[in-house]
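Peer 1: quick one: sequence plus predicted model below, questions after.
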Amino acid sequence: MASSKNVKKRVLVLGSGGREHALVWKISQSPKVEKIFCIPGNAGIAGIAECPPAGSIDLKDFKKLALFVKENNIDLTVVGSEAPLSAGISDFFQSEGLRVFGPNKKAAQLESSKVFSKKFMQKCGIPTADFQVFNKYDNAIKYIDKIKSDLQLKKYSIIKADGLCAGKGVVVAQDIAEVKDTIGKMMVGKIFGEAAKEIIIEERIEGEEASIMAFCDGKSVSIMMPSQDHKRIFENDKGPNTGGMGAYAPAPIATKRIIEKAKKEIFDNFLKGIKKEKIVFKGIIYAGIMITPDKEIKVLEFNVRFGDPETQCVLPLLETDLIDIIDAVIDGKLNKLRVKWEKKSCICVVLASQGYPGKYESGRRINGLEEIASLKDIAVFHAGTELNNGIAVSNGGRVLGITGWDKTLESAISKTYTAVKEIYFEGMQFRKDIGIKGLRTK
């Protein structure tokens with residue numbers, strides 16, 4: 001596919017969530033892009049990108065995807081979600097001579113296998129929580145009984161399935177019964193199938209979480225605006241975990257000192273590690289970190305793609321053309337590009353279906369989209385939507401991400417929640433405290 005700087009690009013984005021809508025939205029602002037395609041897309045993405053008929057191309061069907069790229073003269077494919085990356089889509093596309101943004105299958109193990117990732121961190125001197133790996137139920141239970149007698153249970157109460165579990169493979173147990181019950185469900189009940197063939201029992205780290213994403217070309221990294229996700233369904237971080245009920249950037253908890261520390265202890269060691277392990281990494285490396293009360297940092301997990309909903313509040317602050325950054329990453333020239341960010345704050349509030357993160361109903365008509373479209377510095381990123389006779393309706397747990405940006409976090413929060421009032425669908429639920437942690441930290 002063509003990659004000349006003088007020819008406008010035709011770009012394909014893979015995915016259907018709010019993250020992919022944000023990517024399509026940002027890419028559409030590039031003067032270097034002629035046309036955008038998205039598979040499978042959603043009701044919002046369809047307004048700015050061409051989406052093939054629903055169900056016509058499966059993201060697991062790499063041959064059909066590659067054929068679509070060739071038939072439509074697409075110059076660049078941007079992979080949004082982790083599943084195609086972990087299955088090796090970048091390897092396949094590269095073998096077909098197609099330009100793709102996202103790490104290969106070996107590199108994607110940093111997300112697709114928590115065991116691989118933790119052992120990588122341990123070998124490379126990247127700060128992370130202590131852990132033990134188990135592939136047999138009886139051994140895991142014996143270990144729990146042992147540390148119970150040593151009065152260490154509260155410390156070692158994080159249970160993680162090794163593989164991808166759609167964000168549901170981590171349990172923070174509250175007592176011995178829940179620890180054993182979780183291990184049983186994962187390893188004997190196989191609620192996550194082969195993803196929990198191995199599990200990790202991990203040390204519980206106290207502190208405040210932050211998300212630090214970085215562009216990486218395998219030789220250098222460019223750290224993005226730090227953000228903070230809100231994973232629990234209810235205000236004040238109550239209730240069950242979700243895929244993310246909102247996020248804001250920059251997160252004040254990630255101070256200049258913390259970012260410098262992350263650069264040295266996490267990303268520099270990461271670069272040394274992938275070189276030593278002969279891992280070719282070109283794409284996004286995302287470190288979910290815990291900042292302890294004494295301002296130390298520990299990596300909770302690595303992801304190998306843009307976060308969701310972090311992307312929705314980070315990309316609006318990006319000044320540099322995203323296509324320039326992607327090209328620099330693929331071509332190994334990231335260190336020659338200065339990535340610029342706006343000195344503003346951005347917040348994304350997720351509107352979810354009633355019942356989420358449990359069972360929820362779809363097909364609810366979404367009202368207010370036309371009214372909100374006229375608001376300045378507000379973007380509506382569709383996450384779980386589809387068109388029904390030309391009308392946008394809900395089609396997922398997380399439905400929309402209402403995103404606003406302004407000079408200060410306080411004004412961005414006010415502006416975004418004012419915009420939220422324009423939207424309504426039956427059963428709509430959302431948190432009213434997204435970003436408040438940032439105001440308290442300041």
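Peer 2: Noted; the coordinates are in hand.

Peer 1: from Ala54, how far out is His382?
Peer 2: His382 is 14 Å from Ala54, where distance means Cβ to Cβ, to the nearest Å. (C-beta placed from N, C-alpha, C; glycine too.)

Peer 1: spatially central residue in this structure, please.
Peer 2: Centroid check for the chain by Cα atoms, centre = their mean gives Gly307 as the closest residue, at 1.8 Å.

Peer 1: what sits closest to Gly435 if chain neighbours are left out?
Peer 2: Excluding its sequence neighbours, the residue lying closest to Gly435 (Cβ to Cβ, 6 or more residues apart in numbering) is Tyr248, at 4.1 Å.

Peer 1: how far away is the residue nearest to the centre of the chain from Val13?
Peer 2: Counting by Cβ to Cβ, the gap from Gly307 to Val13 is 16 Å.

Peer 1: wait, Asn83 touches Leu59, no?
Peer 2: Heads up, residue 83 is Ala, not Asn. Yes - assessed by Cβ atoms under 8 Å, Ala83 is found in contact with Leu59 at 6.9 Å.

Peer 1: just to revisit the earlier point, have a look at His382 and Ala54 and say which one is more surrounded.
Peer 2: His382 (29 against 13; other Cβ atoms under 10 Å).

Peer 1: read off the pLDDT value for the residue of the chain positioned farthest from its centre.
Peer 2: Ranked by distance from the centre of the chain (Cα atoms, centre = their mean), the top residue is Ser149, with 38.1 Å. Ser149 is assigned 71 on the pLDDT scale.

Peer 1: same check, this time on the one 4 residues further on
Peer 2: Per-residue confidence for Leu153 comes out at a pLDDT of 71.

Peer 1: how many neighbours does it have?
Peer 2: Leu153, neighbours per other Cβ under 10 Å, totals 17.

Peer 1: list the contacts of the helix or strand encompassing Glu34.
Peer 2: Assigned by DSSP states H and E, Glu34 belongs to strand 33-40. For strand 33-40, contacts defined as Cβ atoms under 8 Å, 6 or more residues apart in numbering pick out 8-16, 20, 24, 27-28, 45-46, 48-52, 54-55, 57, 59, 65, 68, 72, 74, 323.

Peer 1: now do the contacts for the residue farthest from the centre of the chain.
Peer 2: With Cβ under 8 Å, 6+ apart, Ser149 has no contacts at all.

Peer 1: any idea how far Val179 is from it?
Peer 2: Ser149 is 14 Å from Val179, by Cβ to Cβ.

Peer 1: same check on Val33?
Peer 2: From Val33 across to Val179, the span is 50 Å (Cβ to Cβ).

Peer 1: for the stretch 51-200 of the chain, what spans make up the strands?
Peer 2: For the stretch 51-200 of the chain, applying DSSP state E, counting those that start in this stretch gives strands covering 76-79, 100-101, 131-134, 158-161, 170-172, 199-202.

Peer 1: among those, which comes closest to Ser112?
Peer 2: Closest to Ser112 of those is strand 158-161 (Cβ to Cβ; 11.4 Å).

Peer 1: which residues touch the nearest residue to Arg204 once chain neighbours are set aside?
Peer 2: What sits nearest to Arg204 in space, not counting adjacent residues and going by Cβ to Cβ, 6+ apart, is Ser157, at 5.1 Å. Contact partners of Ser157, counting by Cβ under 8 Å, 6+ apart, are 172-174, 179, 204.

Peer 1: pick the one among those closest to Glu301.
Peer 2: Using Cβ to Cβ, the contacts of Ser157 come closest to Glu301 at Val172, 13.2 Å.

Peer 1: so how far is Asn241 from the closest one?
Peer 2: In terms of Cβ to Cβ, Val172 sits 9 Å off from Asn241.

Peer 1: please say which of these two ends up with more neighbours.
Peer 2: Taking other Cβ under 10 Å, Val172 and Asn241 do not tie; Asn241 has more neighbours (16 against 12).

Peer 1: for the more buried one, grab phi and psi.
Peer 2: Dihedral pair for Asn241: phi -70, psi 150, per degrees, to the nearest 10.

Peer 1: now it, nearest residue through space, not along the chain?
Peer 2: Asn241 sits nearest to Lys231 (Cβ to Cβ, 6+ apart), 5.0 Å away.

Peer 1: got a pLDDT number for that neighbour?
Peer 2: 92.

Peer 1: go on, Gly167?
Peer 2: Gly167 is assigned a pLDDT of 73 by the prediction.

Peer 1: ditto for Lys5
Peer 2: For Lys5, the predicted pLDDT is 52.

Peer 1: give me the helix or strand of the chain that scores worst on average pLDDT.
Peer 2: strand 170-172 (a mean of 86; mean pLDDT, DSSP states H and E).

Peer 1: what are the pairing partners of it, and which direction each?
Peer 2: The pairing partners recorded for strand 170-172 under DSSP bridges are strand 158-161 (antiparallel).

Peer 1: contact partners of the partner strand?
Peer 2: 114, 129, 169-173, 179, 182-183, 186, 192, 195-196, 199-204.

Peer 1: contacts only, for Glu111.
Peer 2: 82, 85-86, 117, 164, 301-305.

Peer 1: identify the farthest-apart pair in those residues.
Peer 2: Leu85 and Glu301 (15.1 Å).

Peer 1: what about these two, which has more around it?
Peer 2: Leu85 (28 against 17).

Peer 1: hmm, the more buried one is touching Asn303, no?
Peer 2: No - if you go by Cβ under 8 Å, Leu85 and Asn303 don't touch, sitting 9.9 Å apart.

Peer 1: ok but Glu370 is inside a strand, no?
Peer 2: No - under DSSP: H, G, I helix; E, B strand; the rest coil, Glu370 falls outside any strand and is assigned helix.

Peer 1: which stretches of the chain have low pLDDT?
Peer 2: 1-6, 150-151, 442 (pLDDT under 70).

Peer 1: so Val33 and Val179 - more neighbours on which side?
Peer 2: Val179 (23 against 18).

Peer 1: I figured Pro240 hits Pro357, correct?
Peer 2: Yes - in this structure Pro240 lies within contact range of Pro357 using Cβ under 8 Å: 5.6 Å.
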